[in-house]
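Novice: Build me a model:
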Amino acid sequence: MKQYNLYLLVALVIASLTNCGDSQKSKNMETFSNQSLTQTTDPVTQKITACLWVETKDAKAVADYYLSIFKDSKLKEHHNYKNPPEAGGGDFETAIIEINGIEFSILAAGPFFKFNESVSFVINCKDQAEVDYYWNALTANGGQESACGWCKDKYGLSWQVVPVEYFKLINSGDPKVREKALKNTLKQKKLILSELK
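Specialist: Numbers count the residues shown, from 1 in each chain. Below is the predicted model:
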């Protein structure tokens, strides 16, 4: 158990170092680094970054998956690491991706933790066509449909794919509009806007 805790600590420290822009921290990071594949010298501009621990050890594959779905996105960093012997050894990878101007950190360190529905990301869609696109992309190749606009991607991360007009319906001043939208939401997996109106 001590070895696992040390492994976790080192992985988290290194994941945080990949976000650091000053040269001293970069030197410290290289102490643990096996191979730095992509490194940016830009300083951190986002105050809070979601870190996604995926069960694979291939951060580049995870990054490529999300970049293929979200068109306004880019890979900012990708690093390979070897844990030092005192942490039990083993390889892991990190990546930083940007989707619609928001950074996400990917920690690909193996099957220690699983995603669950207590954390999800909402995709605010302009219309039904956009809902269909994201729903189909996220549920393909091992993803799963859930209920009420929720789904999981192939890594088990939960998403809410929601047309922005939906919020107007469920918060309408007209009780009949609200009731119909909420009642029909419970019958749906993917949200179908025309059936909620």
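
Novice: Can you pull up the most central residue in the protein?
Specialist: Central residue of the chain (C-alpha atoms, centre = their mean): Leu52, 5.5 Å from the mean position.

Novice: Provide the secondary structure category for that one.
Specialist: The three-state label given to Leu52 by DSSP: H, G, I helix; E, B strand; the rest coil is strand.

Novice: need the contact list for the closest residue to it other than its chain neighbours.
Specialist: In this structure, Leu52 finds its nearest non-sequential neighbour in Ile106, 5.4 Å apart by C-beta to C-beta, 6 or more residues apart in numbering. For every residue, glycine as well, the C-beta is placed using N, CA and C. The contact partners of Ile106, by C-beta atoms under 8 Å, 6 or more residues apart in numbering, come to Cys51, Leu52, Val54, Ala59, Val62, Ala63, Glu93, Thr94, Ala95, Ile96, Ile97.

Novice: for Ala147, same thing?
Specialist: Going by C-beta under 8 Å, 6+ apart, Ala147 touches Leu186, Gln188, Lys189.

Novice: burial of the first one, as a residue count?
Specialist: Other residues near Leu186 come to 8 when the count uses other C-beta atoms under 10 Å.

Novice: For Gly90, see how far away the residue nearest to it when sequence neighbours are not counted is.
Specialist: Among residues not flanking Leu186 along the chain, Cys148 sits closest, at 6.6 Å (C-beta to C-beta, 6+ apart). Cys148 sits at a distance of 39 Å from Gly90 (criterion: C-beta to C-beta, to the nearest Å).

Novice: Would you verify that Leu169 is located in a helix?
Specialist: Yes. Under three-state DSSP, Leu169 sits within a helix.

Novice: Might you report the residue contacts of it?
Specialist: The neighbours of Leu169, taking C-beta under 8 Å, 6+ apart as the test, are Val177, Arg178, Lys180, Ala181, Leu196, Lys197.

Novice: Let's have those in a markdown table, adding distance to Ser73 and pLDDT.
Specialist: Listed next are the contacts of Leu169 as a markdown table, based on distance: C-beta to C-beta, whole Å; pLDDT from 0 to 100:
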| residue | distance to Ser73 | pLDDT |
| --- | --- | --- |
| Val177 | 35 | 97 |
| Arg178 | 35 | 97 |
| Lys180 | 36 | 97 |
| Ala181 | 31 | 97 |
| Leu196 | 29 | 97 |
| Lys197 | 32 | 95 |
